[in-house]
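Enquirer: whatever this is, show me its structure:
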Amino acid sequence: MNKNEKVHIFFGYWLPFLLWAIVIFLFSANPTTRTSEIHWQDFIVKKTAHIVEYAVFTTLLYRALRKSDFDLKKAGYTALATAFLYGTTDEYHQSFTPGREPTLRDIIFDSLGSGIALYVIWYYLPKASQSCKKLAKRMEII
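Expert: Model (predicted):
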C-alpha cells in the first residue's frame, strides 16, 4: 500500500470513526439538563440516542477495519468489542460530569446499538433489495 492509499484510508475511513468517538465523548461531558415532565418520553429519547450513537460507532469502525484488510467476522467482532469497551469507559467518564452517573443500563443500550448494526450488516444487507445493497456498497459498508 502506497502513501496516497494510506492517507485515503485514514481520512476516508478512520477519521470519520475518530470524529464520531469524539462526538460521543463530548455528549457525555455535558451535564444533564432537566428531565422532561413525562419521564418515559425522556427515557425513550435518551435510550434511542444510545442505540443510534453506538450503531453508528460500530458501523464506522467496521467500515474502517474492513478497509484495513480485516476479514468480515474479525472486523465485526473487533468493532463490537471496541464499542463495548468504549461504552463502558464512557459511562465511567460520566461519573466525573455534574448531574451524570454511570449505569449498566446505558452500557446495555450501547451494546444493543452495536449488535443491531452488526445484524444489519451481516444478515439484513446481504438479503436486502438491490437499491439498499447499492447504497450500502456506495457507503462501503458491504
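Enquirer: counting by contacts, list what the longest helix anywhere in the chain packs against.
Expert: In the chain, assigned by DSSP state H, the helix with the most residues is helix 39-67. In terms of contacts (3 or more CB pairs under 8 Å, 6 or more residues apart in numbering; DSSP states H and E), helix 39-67 is packed against helix 15-29, helix 72-94, helix 104-119. Any C-beta I mention is one placed from the backbone N, CA and C, and that applies to glycine too.
Enquirer: show the average pLDDT along that helix.
Expert: The predicted model assigns helix 39-67 a mean pLDDT of 95.
Enquirer: ok, back up a step: I'd like the helices and strands packed on helix 39-67 as JSON lines, with mean pLDDT, mean neighbour count and distance to residue 2 appended.
Expert: What follows is those, written out as JSON lines (pLDDT from 0 to 100; neighbours: other CB atoms under 10 Å; distance: least, CB to CB, whole Å):
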{"stretch": "helix 15-29", "mean pLDDT": "97", "mean neighbour count": "14", "distance to residue 2": "19"}
{"stretch": "helix 72-94", "mean pLDDT": "97", "mean neighbour count": "17", "distance to residue 2": "23"}
{"stretch": "helix 104-119", "mean pLDDT": "98", "mean neighbour count": "19", "distance to residue 2": "31"}
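Enquirer: need those in CSV with distance to residue 44, can you?
Expert: Listed next are the helices and strands packed on helix 39-67 as CSV, based on distance: least, CB to CB, whole Å:
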stretch, distance to residue 44
helix 15-29, 17
helix 72-94, 19
helix 104-119, 11
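Enquirer: in the longest helix of the chain, what counts as buried?
Expert: Neighbour counts over helix 39-67 (16 or more other CB atoms under 10 Å) mark 47, 50-51, 53-67 as buried.
Enquirer: any idea how far the helix or strand that contains residue 135 is from the chain center?
Expert: Assessed by DSSP states H and E, residue 135 sits inside helix 130-138. Using CA atoms, centre = their mean, to the nearest Å, the distance from the centre of helix 130-138 to the centre of the chain it belongs to is 20 Å.
Enquirer: same question, stretch 1-11
Expert: 23 Å.
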